[in-house]
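# I'd like to go over a predicted model; first the sequence, then the structure.
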Amino acid sequence: MYPPRHMKTTAGIIGLIAFSANAAHANETSAGTTVENTFTLEYEIGGVAQGTITNDPDYTGDPADPQPVINPGGPTGFTVDRLVDLSITADNSGLQVPPNSQDRTLQFTVTNLGNDHLSYSFSLADVAGDDFDATGLELTYSRDAHDLNDDGDTDDACEAAIVNASLSFTPLGAAAGDASYTCDIPKDLPFTVHVSADIPDSVSDTDTDEFVVIVEARNPLAWAHEASAPTPGAVVEADVDGSNTIGGSAENFLADGSGSTEETSADGLLSVSASFTVSSAELTALKTVWVLDSVSDRTSCNSEAIPASEPTSNYPAPGACVLYSIQVLNSGETAGVNADGIDIVDPLPDGVAFVSASASGFTSSGTLTSKKADSTTDCDGSDGETCTVKLTGASLQSVAGSTKAEANLFIKALVR
């Protein structure tokens, strides 16, 4: 699929998270640039100055000196070859996602570390043995506006800012016309890539979907400094004959590293590992009723402390103070995962008169109300009232390990 890999490679892989080329790649001379230089050699024979030897055809020297000897070969020069190198980093790998969530997005940053315009395509490789596979994968990329042809504006093709342009995942090594690829990316200009997916409902806390994103260098619409445009979108290939030619057109020198076993050094590809990790809030709830005092009134019942354990010596006779407790537990094992939008509705039975309600332990306390049947008047324990206690918009955050996060809704009432 690819030409022999005979070129030298740059240093190093940093884990499987990111690859960064040597800092010497910064501010590279553009591919196709001709670098020329000249020399002069002056000498004497018996103290007498002789003609200067040079390869500078424009050399004049001192008119009083002997005629210079100019090398007909002219200045020494070479054409700067095309360095094909890139980096890709996973900006938020291990993204925590809840079950049954949609459009969860991983971000990657890609930078053209070479010395010419390039475009890029992307492939995705699933890692065998992980816990699940996300569905509905979509790929987009964004890039700032850039004056590719240095004409002072960004009005030409492929120059305007690109925001969330869609791409398709493509087979590695797909020929020109068979793949979806980016617009031209100039050297040293990072751009972002987003991979979004849907998370199945049938996953559990800590389940992981692991995969590898592979970016492949492709020909741009046009090289920056050479008149002959390549076939746009074709896979960038190393110099075909494997032999350096000093002059003429720039030759391709593949200097990319390797980020995974999905590709190798100097093949025009680079990869990075990424994953979704399920962080699920697992809620349970339990309601109990305790008798705090056998004989009470609204004032004393409201003042009753909430005990750590159930009192067993009191009786729920008329006039007794009772405590309803709704205990909510979040047993998720990943710290910081919220169960949000918790709504609890408790319609009190006719056999009790409302006294007070309180909540404790919720990460976000939400709004607690106690309303009569008209939904506007607060409950006051009067005869014949129907009272509904509601806690809305609360949240409960999980804690690391097996410790359960606990919150409670307490309702005090008098037995009628």
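Looks like it arrived, so ask away. These numbers were taken from a predicted model, which means no experiment stands behind them. Numbers count the residues shown, from 1 in each chain.
# Can you check what pLDDT the model gives W223?
Listed pLDDT for W223 reads 91.
# wait, what's in contact with it?
Listed by Cβ atoms under 8 Å, 6 or more residues apart in numbering, the contact set of W223 reads 31-32, 82, 116-117, 229-230, 250. For glycine as for every other residue, the C-beta is placed from the backbone atoms N, C-alpha and C.
# Can you lay out those as a markdown table showing secondary structure?
Formatted as a markdown table, those follow (DSSP: H, G, I helix; E, B strand; the rest coil):
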| residue | secondary structure |
| --- | --- |
| A31 | coil |
| G32 | coil |
| R82 | strand |
| D116 | coil |
| H117 | coil |
| A229 | coil |
| P230 | coil |
| A250 | coil |
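# Of those residues, just say which sits nearest to P186.
The nearest member of the contacts of W223 to P186, counting by Cβ to Cβ, is H117 at 5.5 Å.
# ok, and the closest non-adjacent residue to the closest one?
Counting by Cβ to Cβ, 6 or more residues apart in numbering, H117 lies nearest to P220, which is 4.0 Å off, once chain neighbours are set aside.
# Same question for A234.
Excluding the flanking residues, the one nearest A234 by Cβ to Cβ, 6+ apart is A176, at 3.8 Å.
# Correct me if wrong: that neighbour contacts P232.
Yes. The pair A176 / P232 is scored as a contact, 7.0 Å apart, by Cβ atoms under 8 Å.
# The two - which one has more neighbours?
P232 (17 against 14; other Cβ atoms under 10 Å).
# Please indicate which of the contacts of W223 are buried?
Restricting the contacts of W223 to buried positions leaves 31-32, 82, 116-117, 230, 250, with burial counted as 16 or more other Cβ atoms under 10 Å.
# tell me which element the residue nearest to H117 falls in.
P220 belongs to no helix or strand when assigned by DSSP states H and E.
# Extract the CA atoms of stretch 181-193 and return them as CSV.
Output of stretch 181-193 as CSV, limited to C-alpha atoms (Å, rounded to 0.1, in the frame of the first residue of the first chain):
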residue,chain,number,x,y,z
TYR,A,181,-10.3,14.9,3.5
THR,A,182,-9.8,18.4,4.9
CYS,A,183,-9.1,21.6,3.1
ASP,A,184,-5.5,22.8,2.8
ILE,A,185,-3.8,23.1,6.2
PRO,A,186,-0.7,25.4,6.2
LYS,A,187,2.4,24.6,8.2
ASP,A,188,2.3,25.3,12.0
LEU,A,189,-1.5,25.9,12.0
PRO,A,190,-3.3,23.6,14.5
PHE,A,191,-6.8,22.6,13.8
THR,A,192,-9.4,20.7,15.9
VAL,A,193,-11.1,17.4,15.1
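# Flag every buried residue along stretch 105-120.
Using 16+ other Cβ under 10 Å as the test for burial, stretch 105-120 gives 106-108, 110-120.
# One more: stretch 159-174?
Across stretch 159-174, burial judged by 16+ other Cβ under 10 Å covers 159, 162, 167, 169-170, 172-174.
# how about the residues you listed in TSV, adding secondary structure and pLDDT?
Below are the buried residues of stretch 159-174 laid out as TSV (DSSP: H, G, I helix; E, B strand; the rest coil; pLDDT from 0 to 100):
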residue	secondary structure	pLDDT
E159	coil	94
I162	strand	96
L167	strand	96
F169	coil	94
T170	coil	91
L172	coil	86
G173	coil	84
A174	coil	86
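# tell me which of those is nearest to S243?
S243 has its nearest neighbour among those in G173, at 23.9 Å by Cβ to Cβ.
# Would you work out how far apart the start and end of stretch 55-71 are?
The straight-line separation of the ends of stretch 55-71 (Cα to Cα, to the nearest Å) is 5 Å.
# swap in stretch 124-136?
Using Cα to Cα, the end-to-end distance of stretch 124-136 comes to 13 Å.
# How far does that stretch sit from its chain's centre?
17 Å (Cα atoms, centre = their mean, to the nearest Å).
# What are the contacting residues of it?
By Cβ under 8 Å, 6+ apart, stretch 124-136 touches 102, 104, 137, 169, 195-200, 202-204, 207-214, 260, 262, 271, 273, 275-276, 278.
# So which of the residues you listed belong to strands?
Using DSSP state E, the members of those that fall in strands are 104, 137, 195-198, 208-214, 271, 273, 275-276, 278.
# just the buried members of those residues?
104, 195-198, 209-214, 271, 273, 275-276, 278.
# in the stretch 1-150 of the chain, what spans have low per-residue confidence?
1-27 (pLDDT under 70).
# rerun that using 50 as the cut-off
Along the stretch 1-150 of the chain, segments meeting pLDDT under 50 span 1-24.
# Count the residues that sit near the closest residue to P171 other than its chain neighbours.
Leaving aside its chain neighbours, P171 sits nearest to S123 (6.7 Å; criterion: Cβ to Cβ, 6+ apart). S123 has 21 neighbours, counted by other Cβ under 10 Å.
# host element of S123?
Using DSSP H and E, S123 falls in strand 119-126.
# roughly how far is that strand from the heart of the chain?
Distance, centroid of strand 119-126 to centroid of chain: 15 Å (Cα atoms, centre = their mean).
# go on, stretch 110-125?
17 Å.
# now do the same end-to-end measure for that stretch.
Here the two ends of stretch 110-125 are set 18 Å apart, with distance taken as Cα to Cα.
# cool, stretch 163-175 as well?
End-to-end distance of stretch 163-175 (Cα to Cα): 26 Å.
# Check stretch 43-51 too.
Stretch 43-51: ends 8 Å apart by Cα to Cα.
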